[in-house]
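Asker: structure, please.
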Amino acid sequence: MFFRKKNYKNVLVVDIGSASINCFMLSVKIEGKPEISATLRARMPLLENPDLAHIERYAKKTLKEISADMVKKNAGARPEAVFVVMSAPWYFCETRLVKVSRPEPFTVDRDLLDKLISDELEIFSSKAREQFAGREGEIAVLDKEIMRSIVNGYTIKDPVGKTTKELEAAIYLSAGKKNFLDQVRDILGHFFGSVPVRTISEPLAIFKILSGMANSEEGFLVVDVGGEVTEVYLVRDGILEVVKNFTWGGNLMVRRLASLLKVDLNEALSFFKTNSSKDLKENLEKKISPSLEGVCSEWQNFLSQSLSDMGKNAPLPQTLILLGGMAGNEVLKSCANAEEFSSFTVLGKPFNVLTFIPENLEGRISLAGIDRKDPQMTLPLLLALNVSQYAGAK
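Answerer: Here you go, the predicted model:
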């Protein structure tokens, strides 16, 4: 049982991205809102020409450093569980749509559902190994979940015990590189002891929370702009239909600024942070803005390719939710709202671009000690809400 002699439990949440790691202690309560009691964020070194091998090495190094800092910040107090959330490029995922049709009515049972998942997992695992080709080691499954079941033409939460001639299921599967995941577990075990560790993929975690905040039947897109990778999720008809990603993130803007201003990467990063917070002097802003707009134009091209693939069979939902530390950048928001994307949407108009800041989540999670306007805290808070659902299950 999750809760024993006290009415809360401390859960450590670790979000491993392509350029940074978020680490926070979450207090999950039997009654009342979950609350983040401690939070840390560490950037990986900003490299001129990063490749996956370098990013992986620095991810492990940064995880050790931030774990040590979290132990100090909590005066040695250990969590009772750890949830690790994998962002791109650390996972591969796919939604599999399956149908079982028989001439005579049959009763759906757990064995049938388990076999459907097992059969699809075998096909998926082959694709996952190809995705991680060139990286040593095997894969490890992160998520295997039936998101939607349709029996006799009706969507139902639990099909077990229902009689039908036809069953349809949407199954979400994800996996990561086993060697890397094992090393992550070893690092966390070294600092936090032998506590239960669960590893999940970010798309499913975000889908579950945002589906309660936006209309998942009508659908929406999620664009999460990370440091090195942008992830794009399509939610439609109540399921996480497809996930795409491309190698373009906020760090590319920083590199372009460094080249434009002839400064090192760290100095360019400080300029960029100032620009995002709208405190940059007007003359410097005029010099930087064209460069930012040029880089965003590249981002638009990559995003357009993903949207084109996603919209092959039907127009895309009108709502686009922008997440990540870059979500507060006005240039990026204007790029996401570009007129040229109108051809992809169901209404033939530019996307309705939404961004969340922590205060939008008030009522769902305690914001004590949190900067209510900081867009970089939105994603950790959404992940905290998802983890509290997992961890709070009795």
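Asker: what about the helices in the stretch 1-150 of the chain?
Answerer: 52-73, 110-131 (DSSP state H, counting those that start in this stretch).
Asker: again, but for the stretch 201-350 of the chain
Answerer: Under DSSP H, counting those that start in this stretch, the stretch 201-350 of the chain gives helices at 202-210, 250-261, 265-276, 282-310, 330-336.
Asker: so for Lys373, which of the ones you listed sits nearest?
Answerer: Of all those, helix 265-276 sits nearest to Lys373, with 12.0 Å by C-beta to C-beta. (Glycine included, C-beta is placed from N, CA and C.)
Asker: give me the average confidence score over that closest one.
Answerer: On average, the pLDDT along helix 265-276 is 69.
Asker: ok, stretch 377-385 next?
Answerer: On average, stretch 377-385 scores 90.
Asker: do the same with stretch 119-138
Answerer: Stretch 119-138 comes out at a mean pLDDT of 84.
Asker: what are the C-alpha coordinates of it, in PDB please?
Answerer: Output of stretch 119-138 as PDB, limited to C-alpha atoms (Å, rounded to 0.1, in the frame of the first residue of the first chain):
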ATOM      1  CA  ASP A 119       1.900  -9.500 -30.000                       C
ATOM      2  CA  GLU A 120       2.100  -5.800 -30.700                       C
ATOM      3  CA  LEU A 121       5.100  -5.400 -28.300                       C
ATOM      4  CA  GLU A 122       7.000  -8.000 -30.400                       C
ATOM      5  CA  ILE A 123       6.500  -6.000 -33.600                       C
ATOM      6  CA  PHE A 124       7.300  -2.700 -31.800                       C
ATOM      7  CA  SER A 125      10.400  -4.100 -30.200                       C
ATOM      8  CA  SER A 126      11.900  -4.800 -33.600                       C
ATOM      9  CA  LYS A 127      11.300  -1.200 -34.600                       C
ATOM     10  CA  ALA A 128      12.700   0.100 -31.400                       C
ATOM     11  CA  ARG A 129      15.900  -1.800 -31.900                       C
ATOM     12  CA  GLU A 130      16.300  -0.300 -35.400                       C
ATOM     13  CA  GLN A 131      15.600   3.100 -33.900                       C
ATOM     14  CA  PHE A 132      18.500   2.700 -31.400                       C
ATOM     15  CA  ALA A 133      20.800   1.100 -34.100                       C
ATOM     16  CA  GLY A 134      24.400   2.000 -33.600                       C
ATOM     17  CA  ARG A 135      23.900   2.300 -29.800                       C
ATOM     18  CA  GLU A 136      25.200  -0.700 -27.900                       C
ATOM     19  CA  GLY A 137      22.900  -2.800 -25.800                       C
ATOM     20  CA  GLU A 138      19.300  -4.000 -25.800                       C
END
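Asker: quick revisit: output the helices of the stretch 201-350 of the chain as a markdown table; include the columns mean neighbour count and distance to Leu367.
Answerer: As requested, the helices of the stretch 201-350 of the chain are exported to a markdown table (neighbours: other C-beta atoms under 10 Å; distance: least, C-beta to C-beta, whole Å):
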| stretch | mean neighbour count | distance to Leu367 |
| --- | --- | --- |
| helix 202-210 | 24 | 16 |
| helix 250-261 | 20 | 24 |
| helix 265-276 | 17 | 21 |
| helix 282-310 | 16 | 30 |
| helix 330-336 | 18 | 23 |
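Asker: between these, which has the poorest mean confidence score?
Answerer: helix 265-276 - the lowest mean pLDDT of the helices of the stretch 201-350 of the chain, at a mean of 69.
Asker: so what's the backbone phi/psi at Asn74?
Answerer: In terms of degrees, to the nearest 10, the main-chain angles of Asn74 are phi -100, psi 20.
Asker: right, and it touches Thr39 too?
Answerer: No. Between Asn74 and Thr39 there is no contact under C-beta atoms under 8 Å: 11.2 Å.
Asker: neighbour count winner among the two?
Answerer: Taking other C-beta atoms under 10 Å, Asn74 and Thr39 do not tie; Thr39 has more neighbours (19 against 16).
Asker: residues contacting the more buried one?
Answerer: 22-25, 370, 377, 380 (C-beta atoms under 8 Å, 6 or more residues apart in numbering).
Asker: go on, Met147?
Answerer: 95, 170-172, 238-240.
Asker: apply 10 Å and report the result again.
Answerer: 95, 169-172, 204, 207-208, 211, 216, 238-241 (C-beta atoms under 10 Å, 6 or more residues apart in numbering).
Asker: closest one of the residues you listed to Leu181?
Answerer: So of the contacts of Met147, ranked by how close each gets to Leu181 (C-beta to C-beta), first place is Leu204, at 16.0 Å.
Asker: which residue is the nearest non-sequential neighbour of the closest one?
Answerer: Of all residues not flanking Leu204 in the chain, Asp143 sits nearest, at 5.2 Å (C-beta to C-beta, 6 or more residues apart in numbering).
Asker: any regions of the protein where pLDDT drops low?
Answerer: 1-8, 76, 134-137, 271-293, 327-328, 391-394 (pLDDT under 70).
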